[in-house]
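**Q** quick one: sequence and predicted model below, then my questions.
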Amino acid sequence: AEADGELGYTWGTYVLTHTTPGEAPQTTTGSYVTVWKHDKKGSWHAVLTSATRDE
């Protein structure tokens, strides 16, 4: 994570497993980045999240 003034960002990888009753679980992996904005009250709010799935 990095922050500078009013904006910051986080990035990383994810693993998502989806299970449908009666079917085998399906797992997807990928990367993500989220941009955060710092408000005047001191809280951080996500303003953009983007993710890409591994091939």
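**A** That came in fine, so what should we check first? Just so you know, these numbers come straight off a predicted model, no measurement behind them.

**Q** contacts for the helix or strand of the chain with the lowest mean pLDDT next, please.
**A** Across the helices and strands of the chain, mean pLDDT, DSSP states H and E gives its lowest value to strand 2-4, namely a mean of 75. Residues from elsewhere that reach strand 2-4, judged by CB atoms under 8 Å, 6 or more residues apart in numbering: 8-9, 36, 38. C-beta here means a position set from N, CA and C on the backbone, and glycine is covered the same way.

**Q** neighbouring strands for it, and are they parallel or not?
**A** Using DSSP bridges, the strands paired with strand 2-4 are strand 7-18 (antiparallel).

**Q** ok, then the element right after the strand it pairs with?
**A** Reading on from strand 7-18 to the C-terminus, the next helix or strand found by DSSP states H and E is strand 26-38.

**Q** how far off centre is that next one?
**A** 2 Å (CA atoms, centre = their mean, to the nearest Å).

**Q** could you do stretch 37-48 as well?
**A** With CA atoms, centre = their mean, you get 16 Å for stretch 37-48.
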